[in-house]
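1. Using only what follows, build the 3D model:
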Amino acid sequence: MSAKDIVQSYITEMKRGSLVLAVLGSFQRPYYGYALLQELKDKGMMVEANTLYPLLRRLEKQGLLSSDWDTTESRPRKYYTVSEMGIAVRIDLLKEWQAMQASIEAIYEEE
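-> Residues are numbered from 1 along each chain as shown. Predicted structure coming up:
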């Protein structure tokens, strides 16, 4: 395995690990799946649809998101919103992520 392959593998792991935080942080308003994909992309977080949709269902099953169907358009859309528990989890995850980021920065300041 080349160094490039190893780096790409670790990048994938880092993205997977931070995706929940990114998704929960994106819900300043309700989103349907495709609009959320676009929002994440616009903010520099590239996510595949086949990764996002199962994650949305899992977060809903865990009680971190809730959903409602909008059938007023010609094509029904399932809109997701973050729940109170989702907001609490988002706050805790963000604090932990910031602490880890500060630790890593401290480690690399010594170089």
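2. gap between residue 89 and residue 106?
-> 26 Å (Cβ to Cβ, to the nearest Å). C-beta coordinates here come from the backbone N, C-alpha and C atoms, glycine included.
3. Mind checking which of these two has more residues around it?
-> Just comparing residue 89 and residue 106: by other Cβ atoms under 10 Å the higher neighbour count belongs to residue 89, 19 against 9.
4. Relative to residue 20, how far out is the more buried one?
-> 8 Å.
5. and residue 67, backbone torsions?
-> phi -140, psi 150 (degrees, to the nearest 10).
6. Would you mind confirming that it is in contact with residue 79?
-> Yes: in terms of Cβ atoms under 8 Å, residue 67 counts as a neighbour of residue 79; the distance is 6.4 Å.
7. can you pull the buried residues of stretch 36-44?
-> 36-37, 39-40 (16 or more other Cβ atoms under 10 Å).
8. what sits up against that stretch?
-> Contacting residues not belonging to stretch 36-44 are listed as 22-23, 26, 31, 46-47, 49, 52, 56, 80 [Cβ atoms under 8 Å, 6 or more residues apart in numbering].
9. Keep only those of those residues that are in helices.
-> Among the contacts of stretch 36-44, the ones falling in helices (DSSP state H) are 22-23, 26, 49, 52, 56.
10. Tell me how many other residues surround residue 54.
-> 10.
11. what residues does the host helix or strand of it touch?
-> Element membership of residue 54, judged by DSSP states H and E, is helix 49-61. Residues outside helix 49-61 that contact it (Cβ under 8 Å, 6+ apart) are 19-20, 23-24, 33-34, 36-37, 40, 65-67, 80, 86.
12. what do you get if the cut-off is 6 Å, keeping everything else the same?
-> 33, 37, 65, 67, 80 (Cβ atoms under 6 Å, 6 or more residues apart in numbering).
13. Now do the SS call for the second one.
-> Classification of residue 37 by DSSP: H, G, I helix; E, B strand; the rest coil places it in helix.
14. Generate the PyMOL command that creates a selection of the buried members of the contacts of stretch 36-44.
-> For anyone working in PyMOL, the buried entries among the contacts of stretch 36-44, judged by 16+ other Cβ under 10 Å, can be selected with:
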select buried, resi 22+23+26+31+47+52+56+80
